[in-house]
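K.L.:
How does the following fold in three dimensions:
(2 chains)
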Amino acid sequence: MAKKYSPKMGKKELDLLTRLSNALAVSGDEQEVREIVYAELQEFKDSMHTDAMGNVLVSREGNEPIRPRVMVAAHMDEIGMMLIKEDGDGLFEFVVIGGVDPRQLVGKPVIVGRKHVPGVIGAKAIHLTTKEEREQELKVKSLRIDVGLGGSKLVEIGDRATFDTKLAVLGPSLRGKALDDRLGVFNLIELLKNAPENIDLLAAFTVQEELGLRGAKTAAYHFTSDIGIAMDSTPANDMPHFDGEENTTHNTKLDGGPAIYLMDGATIGDRRLVKWLTDTADAEKIPWQYRQPGRGGTDAGAIHKTRAGVPSVSVSVPQRYLHSAAGLVRIDDELNTLKLMHAALSRLDRSILNPQEIK
Amino acid sequence: MAKTNDLLKTLEMLVETPGPSGSEHQIRSKIEAEIREHVDEFYTDALGNLIARKGKKAEGGKRVMVSAHVDEIGLMVTHVDDNGFARFISIGGVSPYTCIGGRVLFMNGTQGVIGVERLEANEQPNLAKLFIDTGATSRDDSKVGVGDVCGFERPFMNLGKRLVAKSMDDRAAVAVAIGALKAVQNTPNEIYFVFSVQEEVGLRGAITAAYGVDPEVGIAVDVTRTGDTPKGTKMEVSLGKGPAIKVRDSSFIADPRVINWMVEEAKAQGLPYQMEVLEAGGTDGAAIQRTRAGVPAGCLSIPCRYIHSPSEMVDTDDLQGCVELLTGLLGKPIGF
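P.N.:
The predicted model follows:
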């Protein structure tokens, strides 16, 4: 019988999540998060390594005689920007990395490079704009990151930039940047520290997910697991409609609990694993919801196509305003996701993979 | 002809079984029952591909993978509203035009029809405007929920020389593969017949099956478009002019050695054949070709009209020709 595990968001946990959320780790430059992961997982240092792509891979073996090999992935990278050209006067041209909505960039404070040099994405003041200009969407090509004259000596072309947002607790909610997927990174660290003995937990802190699941592809090739699970975050588009019509495209809802995937653009969730998760949630009285089948993708998209195939599924924390300067999640949804993952892994048994049960 | 009658009987059974990508359990067990007496071993892999081996590699033989996908396009429910109408997303390439007025069959047996919201004049329909009406009067009354999967429902229709059904893509090819599997005897080749899953969502089953089988040669069997309908797309493939040997599509360029192998076999048998250059579309051949350190791969195509509609049409002689060509290819030493 696995020991009882009740995740909480105490001072220690909140401190870790704050450091993770505030770190700058735009795809391809995940070093800041990698350092936090290494520091947190020192007890696993002999079974932890960084692979050629930059993924941090940790194998934590259980102690029961027959143990399924379970790869759990959470991506370290976040969407953001990269400086590509200096215009002088502290102004830098930039490109976006990953799914950034250009309409959300204007007026945002940002941090640039490993030194977190502060800057701002500026635009002409309203006093000086014409009515026609105000109706136009500003293109990324016409925007600049302004780090001021002092900052321009501290940053370089190629430096990544992200929103200058610090994690904040809003009553039962958290507001922060990069909660996609630092919540997953946080959860994976917690799962390793409290790993059940009936499985080999193969933890992949992946890179470059936002650019096409690139890190997960090599991580999954390395691990040769029996099962793959991606822990991620997914949009909650759960606001009521202005005209009172039923919202049929919410994707997920806040307070609905962990979101279990049936199908997205990259993966059809393995039905055996979907049932395993929903059965666990029901048995443990953990609230859960299906993520509405739709587009998008998680690391499961790469994992399940690895070698001769790995049955895979995804679980996400619902989040409002995903891929913006500040997302918003419920602490209970986050903790219930961790609780579900731990409970499900604790009861996992290889018989779940009976091919007759593929449905 | 008795052989053709067997083929049509198998095909009718295959096309009337629902099996959208990711929900291939029913069609897989029917295929398994059909082939189990004719193969040396078979198994279902991690993603649900049914893999059957016939023959053991002997002098002059190769390890060959033949892939025909068992999945078809379909729909998955995303939301059931207060009044019991089910909203959905497509599984694979589904056109809203062929949906409207169509009927569907869910894997749990529930039936339904597809309706559409009021469209403005000249407004193009898209899938978000459509819904499935299963006859439910409320959400609580609905027999389907989020995640339930359905295929299109249409009976098999035998028009004499021409045959019509939903999911001719790719059950016509599954029937061809089964025909060759039964016919090929005393081969020096070690043949892995892969009945692959999730082709319609990105060749996913073939990717992992090919890794597992590790073949030396790969052949996909799939349907291809034709250019023989009124004011249609220009294309040099017609129904009834024989098996089509793929040169390229938008997913891969067939290996010239495999193309040549197919052409020579068709000539040797005196079978009519046509060369296929497909502008857009992909097959399992692309997945096999890029497996591990690379595999020479090609595709044997069955000409098919109205692909991805509920009424896909193939020609009986083309089907029979494909069986004979594939049987001939697999039954002898492979000279490259």
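K.L.:
any weak-confidence spans in the stretch 1-150 of chain A?
P.N.:
Where the stretch 1-150 of chain A drops to pLDDT under 70, the residues are A:1-3.
K.L.:
hey, what's the residue in the stretch 151-300 of chain A that chain B sits nearest to bridged with?
P.N.:
Nearest residue of the stretch 151-300 of chain A to chain B, counting by Cβ to the nearest Cβ: A:I268, 3.5 Å away. Glycine gets a C-beta too; all of them are placed from N, C-alpha and C. The partner list for A:I268 in beta bridges (DSSP bridges) reads A:M263.
K.L.:
Tell me the pLDDT of it.
P.N.:
A:I268 carries a pLDDT value of 98.
K.L.:
need the contact list for it.
P.N.:
By Cβ atoms under 8 Å, 6 or more residues apart in numbering or on different chains, the contact set of A:I268 is A:L262, B:S21, B:G22, B:I91, B:Q198, B:V201.
K.L.:
out of those residues, which one sits closest to A:L183?
P.N.:
Set against A:L183, the nearest of the contacts of A:I268 by Cβ to Cβ is A:L262 (20.9 Å).
K.L.:
That closest one reaches A:Q289, doesn't it?
P.N.:
No: A:L262 is beyond contact range of A:Q289, at 11.1 Å (criterion: Cβ atoms under 8 Å).
K.L.:
So those two - more neighbours on which side?
P.N.:
Taking other Cβ atoms under 10 Å in any protein chain shown, A:L262 and A:Q289 do not tie; A:L262 has more neighbours (25 against 22).
K.L.:
what does the stretch 151-300 of chain B have sitting close to chain A?
P.N.:
Proximity of the stretch 151-300 of chain B to chain A, by Cβ under 8 Å from any Cβ of the partner chain, involves residues B:Q198, B:V201, B:R204, B:G205, B:I207, B:T208, B:A209, B:Y211, B:G212.
K.L.:
Up against chain A, what does the stretch 1-150 of chain B have?
P.N.:
Listed as neighbours of chain A in the stretch 1-150 of chain B under the rule Cβ under 8 Å from any Cβ: B:21-25, B:28, B:43-49, B:76-79, B:81-82, B:87, B:89, B:91, B:107, B:128, B:146-147.
K.L.:
Repeat the analysis, applying 6 Å as the threshold.
P.N.:
Proximity of the stretch 1-150 of chain B to chain A, by Cβ under 6 Å from any Cβ of the partner chain, involves residues B:22, B:25, B:44-48, B:76, B:78-79, B:81-82, B:87, B:89, B:146-147.
K.L.:
what about the helices in the chain?
P.N.:
Chain wasn't specified; assuming chain A. Under the criterion DSSP state H, chain A contains helices at A:11-22, A:31-40, A:131-135, A:148-151, A:179-193, A:214-223, A:271-284, A:300-303, A:331-346.
K.L.:
you looked at the wrong chain, it should be chain B
P.N.:
According to DSSP H, the helices that chain B contains are B:2-15, B:25-35, B:96-99, B:168-183, B:204-213, B:256-269, B:284-289, B:316-330.
K.L.:
Adding mean pLDDT and mean neighbour count, write the ones you listed out as a markdown table.
P.N.:
Formatted as a markdown table, these follow (pLDDT from 0 to 100; neighbours: other Cβ atoms under 10 Å in any protein chain shown):
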| stretch | mean pLDDT | mean neighbour count |
| --- | --- | --- |
| helix B:2-15 | 91 | 17 |
| helix B:25-35 | 97 | 18 |
| helix B:96-99 | 95 | 16 |
| helix B:168-183 | 98 | 27 |
| helix B:204-213 | 98 | 27 |
| helix B:256-269 | 98 | 17 |
| helix B:284-289 | 98 | 28 |
| helix B:316-330 | 98 | 23 |
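K.L.:
wait, which of these is closest to A:G296?
P.N.:
In terms of Cβ to Cβ, the element of the helices of chain B nearest to A:G296 is helix B:204-213, at 16.4 Å.
K.L.:
Can you name the residues that contact residue 80?
P.N.:
Defaulting to chain A. A:V26, A:I97, A:R160, A:A161, A:T162 (Cβ atoms under 6 Å, 6 or more residues apart in numbering or on different chains).
K.L.:
nope, chain B
P.N.:
Shown in contact with B:V80 (Cβ under 6 Å, 6+ apart): B:A86, B:R139, B:S142, B:G145.
K.L.:
ok, so of the residues you listed, who is nearest chain A?
P.N.:
Nearest to chain A, judged by Cβ to the nearest Cβ, of those is B:G145 at 8.5 Å.
K.L.:
Next step: the contacts of A:G80 restricted to strands.
P.N.:
A:I97, A:R160, A:A161, A:T162 (DSSP state E).
K.L.:
what's the closest non-adjacent residue to the second one?
P.N.:
Among residues not flanking A:R160 along the chain, A:V26 sits closest, at 3.7 Å (Cβ to Cβ, 6 or more residues apart in numbering or on different chains).
K.L.:
circling back: report the two of the residues of the stretch 1-150 of chain B next to chain A separated the most.
P.N.:
Farthest apart among the residues of the stretch 1-150 of chain B next to chain A by Cβ to Cβ are B:D45 and B:D82. That separation is 41.9 Å.
K.L.:
okay, A:Q356: pLDDT?
P.N.:
Predicted confidence (pLDDT) for A:Q356: 73.
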